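Colleague: need coordinates for the below:
(4 chains)
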2 protein chains.
Amino acid sequence: MLDDRKASILRAVVQEYIETAQPVGSGRIAKAPGVDVSSATVRNEMATLETEGYLVQPHTSAGRIPTEKGYRYFVDTIGSPGALRSEQAKQVSSFFRAAHGEIEEMLEATSRLLSGLTAWTGVVVQPSSTEVPIRSVHLVGLAPKVVLAVAVHGDGTVEKHTIELEREVGEERVNAASVHLAGQIVGSMRSTLPASLRPSGVDDVDHVAATVLRAFGSAPAESTEEVFVGGASRVASAFDAVETVQQVLGVLEQHLVVVTLLRDVVDRGLQVAIGSETGMETLADAALVVAPYTIDGQRAGSIGVLGPARMNYREALAAVATVSQRLETHLAEG
Amino acid sequence: MLDDRKASILRAVVQEYIETAQPVGSGRIAKAPGVDVSSATVRNEMATLETEGYLVQPHTSAGRIPTEKGYRYFVDTIGSPGALRSEQAKQVSSFFRAAHGEIEEMLEATSRLLSGLTAWTGVVVQPSSTEVPIRSVHLVGLAPKVVLAVAVHGDGTVEKHTIELEREVGEERVNAASVHLAGQIVGSMRSTLPASLRPSGVDDVDHVAATVLRAFGSAPAESTEEVFVGGASRVASAFDAVETVQQVLGVLEQHLVVVTLLRDVVDRGLQVAIGSETGMETLADAALVVAPYTIDGQRAGSIGVLGPARMNYREALAAVATVSQRLETHLAEG
DNA sequence: GCCTGGCACTCGGTATCATCGAGTGCCAGC
DNA sequence: GCTGGCACTCGATGATACCGAGTGCCAGGC
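Modeller: Next comes the predicted model:
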């Protein structure tokens, strides 16, 4: 598509623009390593790169800026994912060495880690508990007609539902239902919950158990996918227009949007979504670097970095790849 | 301290500046209702208000801007908290009418409600579960040497600790410890956990139970106080300097800081903390309106609104007061 | 035929200067 | 003691000129 020289010029422009955030002129590129031609030649090539849609000029007498297509070519030809700089690799290692405690806190810390590694915003989506077997179920009476159902999943996640009963039920009945339910749904996943219960013979117990089952069954899968955003303040330095900052922050606030955003990108087989590739108008100036992570070969959650389109893709890709891999092994070991 | 005329001029300046975000000149004030003097007189008064530290001039030939002291006088003499506008009152009512489900989600939604009411950022601190009695304790074995301890509090909160055991313990031992522990700590609060356990006679059970107790006892009270931030994107429109935006977002990211910030302000008996009154340099241009809420007369958590120092205090005070009150009754009813 | 030095040209950024006007401080007079 | 009047200040706005980074293009040379 692009001959060697055009390619290296384009890559040099993107590289330079990522570093300086300033329009890049032919002079700078001519001096760049790997480009051994005069600035005049570079100018000619740049002109054709512009007509082909890889670059734009903010105004006539200015240097060039990459377009979305330009960034896309850049990341597509980035070659090997590259490795983290050694200090960063150390940071990741010591993070996972020290990681312990509740999985939620750990994932939140992971989002901050991603932010720290890349200088942008880190995002972590916790796997839906839909596909994780239930390890234990327990009912606790909170008020005469209110019962709290707590399920512990195999991954250490806790799912709870506050349930309003239609009639008052004594404590011993709640306990009976608890035992009854445990026998039925422990070991199943939320998506394969028993449709109906073996009747236990006692009316109240059936009533409670059925209500609880319904509560578990009706919770949408997305609501069990928690989202952790680390380093949201970096958004302020990522974009110069205040309203862009506001819009991007607005996206990050809507966790459901973030979940589907990451899922969509991963489903399309992308590691990087640039500008309109994210499918969101409000992220036109942004880019997202994602990686899914798996547990037992099962697609689980995903992690990502959200930054400006002119982010350092090589670095971000390395960070996201490394962290997702370490996260996998960490979660597998427990 | 300030005579009537100075007071109403100061109040008019603050009011006007809150609305326009522009330095206020003597002409505008002379036309303001309640000020029936000429602009020349206003000028004289403004000059003395400036020497007394209530106002400043950005530059010689500009209008005046309130200082922190000026805002402070304004809120101190604001009189009655005022009521919400009727549409807003409706919004609050329908919110609490529709509120149901898990307490965490409800509080998060409350933070968004506060943000929506005031156009700034809403903050909700969930009460520490330290002072809420434990309703149920349950141990679940996750791996040979890993046990998850789940405690349900009286308010529907769930506290969990993943516990690494020193030696492998069979499932029946874990269950025994679970029953044993439940008998001991159900009904107590985290701060009054039994220091030691009645020995059960079985070594393994004692070991597990003791480890669990230690885990519950060593969790600091702050870590059980969750923070919900709603409408963080509003920060972008609250301040014009990008770095201020970044700093304020940075504060909101540190949940522990937010907890102590709100607590400090409440403890000092304030409803409003302006600029340096927050005790944080990074919030020099910001103001915080807070209200604690109680359950059973017990100080529980607090809610607040974080905005620019030139926020509409009357409105924010009304919003915070109304929401905290409705929240109290909502939580009391369950 | 392709590259390159050279050159005229473009145009945003910066500096200079004048003008405008909102706002001020102050004073004399009512 | 208040107010109208007035000289003054100074940021904002706009016109003008200039600079220079960068461009497109052409003619000459390898």
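Colleague: all contacts plus neighbour counts: C-alpha atoms, from now on.
Modeller: Fine.
Colleague: what helix or strand is the nearest residue to A:Ser38 once chain neighbours are set aside located in?
Modeller: Nearest residue to A:Ser38 in three dimensions, chain neighbours excluded: A:Ala30, at 5.6 Å (C-alpha to C-alpha, 6 or more residues apart in numbering or on different chains). A:Ala30 belongs to helix A:26-31 when assigned by DSSP states H and E.
Colleague: skip ahead from that helix and say which helix or strand is next.
Modeller: Heading C-terminal from helix A:26-31 (DSSP H and E), you reach helix A:39-51.
Colleague: quick one: whichever helix or strand comes after that following helix near DNA strand C?
Modeller: Using DSSP H and E, the helix or strand that follows helix A:39-51 in sequence is strand A:55-56. No - on the criterion C-alpha under 7 Å from any atom of the strand, strand A:55-56 is out of touch with DNA strand C, staying 13.4 Å away.
Colleague: wait, A:Arg234 touches A:Trp120, no?
Modeller: Yes - taking C-alpha atoms under 8 Å as the definition, A:Arg234 is a contact partner of A:Trp120 at 5.4 Å.
Colleague: between these two, which one's more packed in?
Modeller: Neighbour count, other C-alpha atoms under 10 Å in any protein chain shown: between A:Arg234 and A:Trp120, A:Trp120 has more, with 26 against 23.
Colleague: for A:Ala151, give me phi and psi.
Modeller: Dihedral angles of A:Ala151 (phi, psi; degrees, to the nearest 10) stand at phi -120, psi 130.
Colleague: give the bridge partners for it, please.
Modeller: Beta-bridge partners for A:Ala151, by DSSP bridges, are A:Val137, A:Glu159.
Colleague: identify the residues contacting it.
Modeller: A:Ala151 makes contact with A:Ile134, A:Arg135, A:Ser136, A:Val137, A:His138, A:Val158, A:Glu159, A:Lys160 under the criterion C-alpha atoms under 8 Å, 6 or more residues apart in numbering or on different chains.
Colleague: 7 Å instead?
Modeller: A:Ala151 makes contact with A:Ile134, A:Ser136, A:Val137, A:His138, A:Val158, A:Glu159, A:Lys160, according to C-alpha atoms under 7 Å, 6 or more residues apart in numbering or on different chains.
Colleague: my guess is the fifth one contacts A:Ala149. True?
Modeller: No - the criterion here is C-alpha atoms under 7 Å, and A:Val158 misses it with A:Ala149 at 10.3 Å.
Colleague: what is the burial count for A:Ser128?
Modeller: By other C-alpha under 10 Å, neighbour count at A:Ser128 equals 18.
Colleague: show me what contacts it?
Modeller: Counting by C-alpha under 7 Å, 6+ apart, A:Ser128 touches A:Ala221, A:Glu222, A:Thr224, A:Glu225.
Colleague: distance of it from A:Val229?
Modeller: Relative to A:Val229, A:Ser128 is positioned 17 Å away (C-alpha to C-alpha, to the nearest Å).
Colleague: now swap in A:Ala12 and tell me
Modeller: Distance from A:Ala12 to A:Val229, counting by C-alpha to C-alpha: 32 Å.
Colleague: of the two, who's got more company?
Modeller: Remark: of A:Ala12 and A:Val229, A:Val229 carries more neighbours, 26 against 21, as counted by other C-alpha under 10 Å.
Colleague: using the three-state scheme, assign the more buried one.
Modeller: Here A:Val229 is recorded as strand under DSSP: H, G, I helix; E, B strand; the rest coil.
Colleague: from what I can see it touches A:Gly122, true?
Modeller: Yes - the pair A:Val229 / A:Gly122 is scored as a contact, 5.8 Å apart, by C-alpha under 7 Å.
Colleague: now for the two: what residues contact both?
Modeller: With C-alpha under 7 Å, 6+ apart as the test, A:Val229 and A:Gly122 both reach A:Ser111.
Colleague: hmm, the helix holding A:Ala30 in reach of DNA strand D?
Modeller: Yes - for helix A:26-31, a contact with DNA strand D is found by C-alpha under 7 Å from any atom of the strand, at A:Ser26, A:Gly27, A:Arg28.
Colleague: buried residues, that helix. List them.
Modeller: Neighbour-count burial for helix A:26-31 flags A:Ser26, A:Ile29, A:Ala30 (criterion: 16 or more other C-alpha atoms under 10 Å in any protein chain shown).
Colleague: which residue of chain A sits farthest from its center?
Modeller: The C-alpha centroid of chain A is most remote from A:Gly201, which lies 47.0 Å away (C-alpha atoms, centre = their mean).
Colleague: so what's the gap between stretch A:192-201 and the chain middle?
Modeller: Distance of stretch A:192-201 from the chain centroid (C-alpha atoms, centre = their mean, to the nearest Å) equals 36 Å.
Colleague: just to revisit the earlier point, quick one: contacts for the residue nearest to A:Ser38?
Modeller: Contact partners of A:Ala30, counting by C-alpha under 7 Å, 6+ apart, are A:Asp36, A:Val37, A:Ser38, A:Ser39, A:Val42.
Colleague: and if you look at A:Leu181?
Modeller: Shown in contact with A:Leu181 (C-alpha under 7 Å, 6+ apart): A:Ala209.
Colleague: for the stretch 151-300 of chain A, what lies in contact range of DNA strand C?
Modeller: Near DNA strand C, no residue belonging to the stretch 151-300 of chain A is found when assessed by C-alpha under 7 Å from any atom of the strand.
Colleague: would you mind giving the residues of helix A:26-31 next to DNA strand D as a markdown table with pLDDT and distance to chain B added?
Modeller: Shown next, in a markdown table, are the residues of helix A:26-31 next to DNA strand D (pLDDT from 0 to 100; distance: C-alpha to the nearest C-alpha, whole Å):
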| residue | pLDDT | distance to chain B |
| --- | --- | --- |
| A:Ser26 | 95 | 32 |
| A:Gly27 | 93 | 32 |
| A:Arg28 | 94 | 30 |
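Colleague: please check the contacts of A:Ala30 and keep the buried ones.
Modeller: Buried members of the contacts of A:Ala30, scored by 16+ other C-alpha under 10 Å, are A:Ser39, A:Val42.
Colleague: mind listing what A:Ala182 touches?
Modeller: A:Ser136, A:Val137.
Colleague: switch to 6 Å and redo it
Modeller: A:Val137 (C-alpha atoms under 6 Å, 6 or more residues apart in numbering or on different chains).
Colleague: ok so it is a helix residue?
Modeller: Yes - counting by three-state DSSP, A:Ala182 is found in a helix.
Colleague: and the pLDDT at it?
Modeller: Looking at A:Ala182, its pLDDT reads 87.
Colleague: ok, so of the buried residues of helix A:26-31, who is nearest A:Tyr17?
Modeller: The closest of those to A:Tyr17 turns out to be A:Ile29 (C-alpha to C-alpha; 10.8 Å).
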